[in-house]
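K.L.:
pasting the sequence and the predicted model now:
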Amino acid sequence: MSYLVIKDVEKSFGDLKVLKKTSLSIEKGQLVTLIGPSGSGKSTLLKSIAGLESIDHGSIIVDGENITNKETRNRNVGMVFQKYVLFPNMNVYDNIAFGLKLRKTNKNDIDKKVREALGLVELKDKMYSYTNELSGGQMQRVALARSIILQPKILLFDEPLSVLDREIRRNLQMQIKKIHRELDITSLFVTHNQEEAMIISDKVYVMNNGMIEQSGIPKEIYYSPKTSFVARFIGNYNVLSKAVFEQHFKKNINTKEVAIRREVIQMTKEELGDDVEYNLEDCEIIDISLIGNVIRYETRKDNLTMNVDVINNDIYDTYDIRLGDKVNLFVPKKQCIFLTA
Amino acid sequence: MLENYKTALMNMYYLKAIGSSIRASLISSLIVFVIALVCAYYISKLDEKIQDSIITILNMRSNYIGVPLAFKYILLLGNTGMFILLFKYFGLNELSNFNIYLWIGLIITYVCFQIPLAIITLYSPFLSINKEVRQAAMLLGANSFQFWAKIGIPVLFPSIVGTLSILFVSAIGSYATAYALAGRSKGIVIVRIGSLVVILGVAMVSMMINEKLSKYKSTKIRVE
């Protein structure tokens, strides 16, 4: 049996059903990401595990124990919130020691553990600072230290990095990954950032409309989406309906939709050879966006819009591709993912 | 300077006024504090948009003070005030005998104008101990009592002391409302001070006029 088992959980707010027979399982020591758009029910699921929301139906089992109806404070579940949630009347040391003091832990043990936790989150120099003297990233690290010091059975992260800027977010992603590896705490991380999910997790659950759409290791989710939602949300795929695909690529297919990743499409102004199986000629460039290491070209042919991502290495500048130009697109057959759901 | 304090504190007339003012201000401050504490707590739990609207209205309302406020209460609860006439009409004799020009009237007015101000000052600290802070404490093992003892009350304490001080100072220092309701007949220290300032002001204006007139007179004599 898995370490955390969520079985057929249902939750409604009035007439709105937020969780619809949601089930998932996490092995001991795994760092699992729950990813989905706003309103997909991921935070509600997280709060249900923590006991901050009651559930209407289903069960939550941790380490073989059914905690569905257990009080929040007795669940031994840690949580880092999206907002900065530190106790404003306490300094960093007291914030981290709070849980241990409630458990009446020996003073020397508290001191030792707090210093260890501060070392892990690299905040030893801020031990006696108050919350208003800390940056956003530092506050989230204190919140993390405050949770891990109690050695919770499950550590929950409710989009803790979403309010931070890109650079700090990247550093903290690495820090969370490192701390997780060191402490081996079973963790569930909620995010709506695909890149974050890919970077930090052992396993990804994609959630949509209160249900799990797909689960798997990050590579599997990225390369083999099973539904058009997962393809669009995780991989930024071009998703073409059967009719549109057959009309433009002149090939018959047996599936409802086809997903093609932006970065696998090759773009050229030159003629394509006869041996090219999936090609699309005379597409007009309608938009060009520079996204750091990638240049994104939006192309259109009649009713079909295709996005193409190209590594920003000046090659396409040499080809002199400008707005309004006509280009030919080539899609390797093996890169087409035929979606059945 | 110390002589002035001695005079003021030895004079039974002033002492009585000081005592009455402190009593009225303390009573009104405590009543306001309890009401505002409950209101601020529940406002902080409402939807953010509703919170903003309520705080805007309270801000506006907290500036409605002085003579207009006293006049409003005279219209509502004065001898021929709307409510008094209604009480008489319905035969509620106990209530219809209410006299706003007594101390109780002054306390009611103080309470009404201070409630918005007190809610505004107590509302912010309640925001800093929001739902997530309570949830974080629960996840760390705190029960409700432990949360309030170790986080809630320590966070609120400076604001509680601050709000009580502001309420007391604002009540004891409120001149226009007190003067409009009580006039000079009541022993209210701020009205007493005000009347001394008015006497001093009249004396100063008289002296200035006298000086000008003297100068004019002497110039006229010299010309003649």
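P.N.:
Yes, it's here.

K.L.:
could you list every residue that touches the one residue sitting closest to the centre of chain B?
P.N.:
Closest to where the C-alpha atoms of chain B average out (C-alpha atoms, centre = their mean) is B:A171, at 3.1 Å. When the contact criterion is C-beta atoms under 8 Å, 6 or more residues apart in numbering or on different chains, the partners of B:A171 are B:A24, B:S25, B:S28, B:S29, B:Y110, B:Q114. (C-beta placed from N, C-alpha, C; glycine too.)

K.L.:
same question for A:I321.
P.N.:
Taking C-beta under 8 Å, 6+ apart, one finds A:M267, A:K269, A:I285, A:I288, A:Y297, A:V327 in contact with A:I321.

K.L.:
mind running it again at 10 Å?
P.N.:
A:M267, A:T268, A:K269, A:I285, A:I288, A:I295, A:Y297, A:V310, A:I315, A:V327 (C-beta atoms under 10 Å, 6 or more residues apart in numbering or on different chains).

K.L.:
what's across from the residue lying closest to the fifth one once chain neighbours are set aside in the sheet?
P.N.:
It stands for A:I288. In space, and not counting its chain neighbours, A:I288 is closest to A:Y297: 5.7 Å by C-beta to C-beta, 6 or more residues apart in numbering or on different chains. For A:Y297, the beta-bridge partners are A:I288, A:V308 (DSSP bridges).

K.L.:
returning to what we had before: just the buried residues out of the contacts of A:I321, in ChimeraX syntax.
P.N.:
In ChimeraX syntax, the buried subset of these is picked out as below (16 or more other C-beta atoms under 10 Å in any protein chain shown):
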select /A:267,285,295,297,310,327
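
K.L.:
from the chain's centre, how far out does stretch B:77-85 sit?
P.N.:
Here stretch B:77-85 is found 23 Å from its chain centre; the criterion is C-alpha atoms, centre = their mean, to the nearest Å.

K.L.:
average model confidence for that stretch?
P.N.:
If you average the pLDDT over stretch B:77-85, you get 81.

K.L.:
isn't B:C39 right up against B:I54?
P.N.:
Yes - the pair B:C39 and B:I54 qualifies as a contact (C-beta atoms under 10 Å) at a distance of 9.0 Å.

K.L.:
and the stretch 51-200 of chain A, which residues reach chain B?
P.N.:
Counting by C-beta under 10 Å from any C-beta of the partner chain, the stretch 51-200 of chain A comes close to chain B at A:51-52, A:71-90, A:94-96, A:98-103, A:131, A:143, A:146-147, A:149-150, A:152, A:156, A:158.

K.L.:
just the buried residues of those residues.
P.N.:
The neighbour count (16+ other C-beta under 10 Å) marks A:51-52, A:72-73, A:75-90, A:94-96, A:98-102, A:131, A:143, A:146-147, A:149-150, A:152, A:156, A:158 as buried among those.

K.L.:
so what touches the helix or strand hosting A:H180?
P.N.:
In this structure, A:H180 sits in helix A:166-183 according to DSSP states H and E. Residues from elsewhere that reach helix A:166-183 (C-beta under 10 Å, 6+ apart): A:29-31, A:80, A:117, A:120-122, A:135-138, A:140-141, A:144-145, A:148, A:151, A:155, A:157, A:160-164, A:185-187, A:189, A:191, A:193, A:195-196, A:199-202.

K.L.:
got the buried residues for the helix or strand just after that helix?
P.N.:
Moving toward the C-terminus from helix A:166-183, the next helix or strand (DSSP H and E) is strand A:186-191. By 16+ other C-beta under 10 Å, the buried positions in strand A:186-191 come out as A:T186, A:S187, A:L188, A:F189, A:V190, A:T191.

K.L.:
could you grab the helix/strand/coil label for B:K88?
P.N.:
helix (DSSP: H, G, I helix; E, B strand; the rest coil).

K.L.:
need the contact list for the closest residue to it other than its chain neighbours.
P.N.:
Spatial nearest neighbour of B:K88, chain neighbours left out: B:S96 (4.4 Å); criterion: C-beta to C-beta, 6+ apart. B:S96 is in contact with B:F83, B:I84, B:L85, B:L86, B:F87, B:K88, B:Y89, B:F90, counting by C-beta under 10 Å, 6+ apart.
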